[in-house]
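J.: Sequence below, structure please.
(one chain, ligands or ions: 2)
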Amino acid sequence: MVVGELAQEKDVVILGGGPAGYTAAIRAAQSGREVLLIEKDQLGGTCLNKGCIPSKATAEAAKQYKHMDHLKNMGFEIGSGHFDFGRFKEYRDGKVDQLRKGVESLCKANKIEVMFGEAVFLSDDRIGIENGHQFDVVRFNHALISVGASGGKKAGLIGASDLFRFSTLPEELILAGSSYIVLEAAFAYHSFGVKTTIINEGETFGLDETIEKELLRQLKKAKIPVHMGAKAIKIDWNGDRTLCRFVNAKGESMELASSHIYMDEQYNGNTSALGLERIGIELDENQFIKVDEWGRTSLSNIYAAGDVTGAPFSAVKAIKQGKAAVEAMMGNEHAAPADFYYLPTIIHSQPPVASVGMTEEVARSENLDYRAGTYVLGGNGYAALTEKKDGLVKVLFEEGTDRLLGIHIIGEGAIDLIQTGVVGLEMAARDEDFLYPNYAHPSLAESLLEACEDAVGKAIHQAPKNKKAEKVKM
Ligand SMILES: Cc1cc2nc3c(=O)[nH]c(=O)nc-3n(C[C@H](O)[C@H](O)[C@H](O)COP(=O)(O)OP(=O)(O)OC[C@H]3O[C@@H](n4cnc5c(N)ncnc54)[C@H](O)[C@@H]3O)c2cc1C
Ligand SMILES: NC(=O)c1ccc[n+]([C@@H]2O[C@H](COP(=O)([O-])OP(=O)(O)OC[C@H]3O[C@@H](n4cnc5c(N)ncnc54)[C@H](O)[C@@H]3O)[C@@H](O)[C@H]2O)c1
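T.: Ligands and ions are numbered 1, 2, ... in the order given. You can find the predicted model right below:
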């Protein structure tokens, strides 16, 4: 190994070029700092290369596949409609490459130096970068650790990072868990003809009860078998296929064999090889770095952001934490800390699900006095003309204050529409803030207006109910 001289001094050194790291690098460069970004594999991290992007490309292909029936109804001649997974793979991987090049260009445009290699702390102001026989040492004023997390995938199972990077379509797929990953994979691969089964140890997928009911109806309609409340899940290998044994909700012993099995994983922070013991950064029992809302660790010049700081594991969180950490490094008093109280839950299922804020169960369990309004997409003109009528919008307002508590959507447009709810919750919006504005017509957004009108007993495109907008008092 060639040990480099202390050739460089950098103001900010960032370990890991995923969404937390490269966003933070750009924000620091925007403030005029000299930034070194160290990545041991590929810029873009898990999200771009193995997670968000390949999984959403897969979900998008499944959505378009389903959309072909609508195109035929509109008069398009589609031919056999055959789906070539090999060509899809080229498309999916091409999009990942294209987006990664975008990140590389952004780093270049912001004059961020990118070094490929594995970073390790030598002291609290020196970092070593190992790349084959080369070992460079850099002194820094501030460092940000954004090296992500890894799942404890068991032998014979598929991990989340492999689930959307198949080279050929599996014939069978068992998905054990209740995460958005399970649901996104189930709807997508099932629609490509893969024999797909969901096994969920829990009784729910953790969504608002009305949305959950509709989601289960959609899974049934798609003919995706779902075993809820499965207990004692065990995985074995019979030399040919993986066996999944469990006890179903009726207490019966079940055995399913499959070529491919995915199981939601337990995650640990990627901190074991960083030399953190040398500098004494505090970790929790799962090797996640302990941080405050500014990403500050137990050492004043070292910050952390993203999956390496623990759950929730989402690029949304990684990006926001990365920015907040840099603002704190720069001493920007006007910046806001990273807060995840209103983090939307997004599932690219068919139809998609999006949710933010309080669910009805939580409102009930907290003895809140609330009003719920719902609107089924079947009554929405735009949903009718685009033949995307499955699903509903549900809103919850607090009785008395009229404050928005939560918005839960299953249906076309959910993922974009939920942002209105996120902004509303952040601004402590009341029902009138949703009832008064103009809504484009015809649009899926009108279903949000109708749900809000339903909450006050005034929905237009909904048959009158007997006890309209009756206050739910527990
Ligand atoms: C299948 C799947 C789908 C997902 N879908 C979504 C989604 O739709 N939306 C969403 O918000 N989130 C999604 N996620 C989660 C999202 O990918 C992660 O939360 C996000 O990538 C975390 O970003 P990060 O920057 O903290 O870590 P990462 O993206 O994991 O990046 C860490 C980087 O650090 C590098 N590294 C590690 N150790 C070192 C070292 N010693 N030296 C140098 N570099 C190092 C790694 O190579 C990696 O590039 C998904 C995840 C998966 C697996
Ligand atoms: N490095 C990795 O590969 C890695 C790391 C962490 C998690 N994961 C994957 O993520 C799965 C879920 O992890 P979890 O334990 O945080 O579960 P989770 O489903 O409870 O999600 C955690 C948070 O992410 C948000 N979220 C969920 N789906 C989202 C989406 N599509 N887009 C944006 N935000 C979303 C939710 O608000 C939630 O608070 C795991 O089962 C695993 O497959 C992968």
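J.: show me the contacts for the residue of the stretch 251-400 of the chain found nearest ligand 1.
T.: Closest to ligand 1 within the stretch 251-400 of the chain is residue 306: 2.0 Å, counting by Cβ to the nearest ligand atom. C-betas here are computed from N, CA, C, even on glycine. The contact partners of residue 306, by Cβ atoms under 8 Å, 6 or more residues apart in numbering, come to 16, 18, 19, 20, 21, 146, 148, 317, 318, 321, 322.
J.: Write a ChimeraX command that selects only the buried members of those residues.
T.: In ChimeraX, a selection of the buried entries from the contacts of residue 306 looks like this (16 or more other Cβ atoms under 10 Å):
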select :16,18,19,20,21,146,148,317,318,321,322
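J.: From residue 62, how far off is the residue of the stretch 251-400 of the chain closest to ligand 1?
T.: 28 Å (Cβ to Cβ, to the nearest Å).
J.: Walk me through the domains of the protein.
T.: Per automatic domain parsing, the structural domains of the chain span 2-150+268-329, 160-263, 351-455.
J.: Dump those domains into TSV; add mean pLDDT as well.
T.: Formatted as TSV, the domains of the chain follow (pLDDT from 0 to 100):
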stretch	mean pLDDT
domain 2-150+268-329	96
domain 160-263	95
domain 351-455	97
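J.: Identify whichever of those lies nearest to residue 344.
T.: Taking Cβ to Cβ, domain 351-455 is the member of the domains of the chain nearest to residue 344, at 4.3 Å.
J.: In contact with the residue in the stretch 351-474 of the chain that ligand 1 sits nearest to, which residues are there?
T.: Among the residues of the stretch 351-474 of the chain, residue 415 lies closest to ligand 1, at 9.7 Å counting by Cβ to the nearest ligand atom. By Cβ under 8 Å, 6+ apart, residue 415 lies in contact with 346, 348, 352, 354.
J.: next one: residue 223
T.: Contacts for residue 223 were tallied using Cβ under 8 Å, 6+ apart; they are residue 190.
J.: My reading is that it is in a strand; is that accurate?
T.: No. Counting by DSSP: H, G, I helix; E, B strand; the rest coil, one finds residue 223 to be coil, located in no strand.
J.: Would you map the helices across this structure?
T.: 19-30, 45-49, 52-73, 85-109, 160-163, 180-191, 209-221, 276-279, 315-329, 360-365, 381-385, 414-426, 431-435, 446-455 (DSSP state H).
J.: Please produce a markdown table containing those, extended by distance to ligand 2.
T.: Converted to a markdown table, those look like this (distance: least, Cβ to the nearest ligand atom, whole Å):
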| stretch | distance to ligand 2 |
| --- | --- |
| helix 19-30 | 11 |
| helix 45-49 | 4 |
| helix 52-73 | 7 |
| helix 85-109 | 15 |
| helix 160-163 | 3 |
| helix 180-191 | 4 |
| helix 209-221 | 14 |
| helix 276-279 | 18 |
| helix 315-329 | 5 |
| helix 360-365 | 14 |
| helix 381-385 | 22 |
| helix 414-426 | 9 |
| helix 431-435 | 22 |
| helix 446-455 | 20 |
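J.: Surely residue 208 touches residue 410?
T.: No. Residue 208 lies out of contact with residue 410 (Cβ atoms under 8 Å); the separation is 9.3 Å.
J.: I'd like the domains of the chain as a markdown table, with distance to residue 336 appended.
T.: Below are those laid out as a markdown table (distance: least, Cβ to Cβ, whole Å):
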| stretch | distance to residue 336 |
| --- | --- |
| domain 2-150+268-329 | 7 |
| domain 160-263 | 27 |
| domain 351-455 | 11 |
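J.: Residue 462 is nearest to which of those domains?
T.: domain 351-455 (6.1 Å).
J.: can you give me the offset of the closest one from its chain's centre?
T.: Offset of domain 351-455 from its chain centre (Cα atoms, centre = their mean, to the nearest Å): 21 Å.
J.: Can you give me the first-to-last residue distance of it?
T.: Distance across domain 351-455, first residue to last, is 24 Å (Cα to Cα, to the nearest Å).
J.: cool, and stretch 75-84?
T.: Start-to-end span of stretch 75-84 (Cα to Cα) is 23 Å.
J.: ok, now stretch 44-60?
T.: This stretch, stretch 44-60, spans 20 Å end to end (Cα to Cα).
J.: what sits against the residue nearest the centre of the chain?
T.: Residue closest to the mean C-alpha point of the chain, counted by Cα atoms, centre = their mean, is residue 314 at 4.9 Å. Contacts for residue 314 (Cβ under 8 Å, 6+ apart) come out as residue 343.
J.: Could you check how far the closest residue to ligand 1 within the stretch 101-250 of the chain is from residue 45?
T.: Residue nearest to ligand 1 within the stretch 101-250 of the chain: residue 148 (2.5 Å; Cβ to the nearest ligand atom). Distance of residue 148 to residue 45, given as Cβ to Cβ: 6 Å.
J.: Show me the common contact partners of the two, please.
T.: Common neighbours of residue 148 and residue 45, counting by Cβ under 8 Å, 6+ apart, are 16, 18, 20.
J.: ok, residue 234 - how many residues close by?
T.: Neighbour count for residue 234, taken as other Cβ atoms under 10 Å: 10.
J.: Kindly apply the preceding question to residue 161 instead.
T.: For residue 161, using other Cβ under 10 Å, the count is 16.
J.: and it, how far is that from residue 237?
T.: Taking Cβ to Cβ, one finds residue 161 at 21 Å from residue 237.
J.: What of residue 96?
T.: Residue 96 is 31 Å from residue 237, by Cβ to Cβ.
J.: interface residues of the stretch 151-300 of the chain facing ligand 2?
T.: Counting by Cβ under 6 Å from any ligand atom, the stretch 151-300 of the chain comes close to ligand 2 at 151, 160, 161, 179, 180, 181, 264, 265, 267.
J.: let's see it at 5 Å
T.: Contacts of the stretch 151-300 of the chain with ligand 2, taken as Cβ under 5 Å from any ligand atom, map to 160, 161, 179, 180, 181, 264, 267.
J.: Name the member of these with the most neighbours.
T.: Greatest neighbour count in those, by other Cβ under 10 Å, goes to residue 160: 23 neighbours.
J.: wait, it sits on residue 151?
T.: Yes. The pair residue 160 and residue 151 qualifies as a contact (Cβ under 8 Å) at a distance of 6.1 Å.
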